[in-house]
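Chemist: no FASTA, just this:
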């Protein structure tokens, strides 16, 4: 069984790629350029593919992404990415409408066309509060839809092993697998180094702390996370 791993270049999806590779089931990586403010993450996905010796596709859907307005991550009128804890209401502005459904539809088509029998995704328990397309209900519904879309022609499983795991659990899993965490990118602001203040940076820093794993990430503001998590 060989899987296509949807890999953004972030900590979660890179850890998933290493997990699938450890089981000798990695078929290829797939990334998307959807016009995201932090598109530098794609370079980290490419590093992961090179490290694991697997093919890597980057699909350009930026023309679509530019029209998915209302998010701080896309569109010419994109608002500033807010600072604060990942679970705060202010982070809702980072939702990109239907992003996962669009990417997953493409991923399943590619997996079927290339003879792969699974698509692996890294959505996790910490995403549930903000992102509707990362919740178990969405995953179950998409799985049923995809089974109907390919029925009688192809069988492609949907795997989301981190769906009920928190970020600290993913960091612990990555440490066990020897994931080079320095070669992952989380920050939504996409500057030279992680800002340390946006929701994804705060969540990342807190996760390393909770997992008791050394964080190799360079942050512009390495201590801000303590202010919003009261750690």
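Modeler: Structure received. Note that the structure is a prediction, hence the values are computed from the model and not measured.
Chemist: so is residue 109 in a helix, a strand, or just coil?
Modeler: Secondary structure, DSSP: H, G, I helix; E, B strand; the rest coil: residue 109 is helix.
Chemist: Next up, the contacts around it.
Modeler: Not one residue lies near residue 109 by Cβ atoms under 8 Å, 6 or more residues apart in numbering. (Each C-beta comes from the backbone N, C-alpha and C, glycine too.)
Chemist: One more: the one 4 residues further on?
Modeler: Taking Cβ under 8 Å, 6+ apart as the contact definition, residue 113 lies against nothing.
Chemist: can you map out the strands along the protein?
Modeler: Assigned strands in the chain, in chain order: 3-6, 26-33, 56-60, 118-120, 157-159 (criterion: DSSP state E).
Chemist: now those strands in TSV, with mean pLDDT?
Modeler: Below are those laid out as TSV (pLDDT from 0 to 100):
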stretch	mean pLDDT
strand 3-6	98
strand 26-33	97
strand 56-60	97
strand 118-120	98
strand 157-159	98
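Chemist: which of those strands is buried the deepest?
Modeler: Of the strands of the chain, the one with the most neighbours on average (mean count of other Cβ atoms under 10 Å) is strand 3-6, at a mean of 27.
Chemist: And the worst-scoring helix or strand of the chain on mean pLDDT, what's buried?
Modeler: Ranked by mean pLDDT, DSSP states H and E, the weakest helix or strand in the chain is helix 62-65, scoring a mean of 85. Neighbour-count burial for helix 62-65, counted by 16 or more other Cβ atoms under 10 Å, picks out residue 65.
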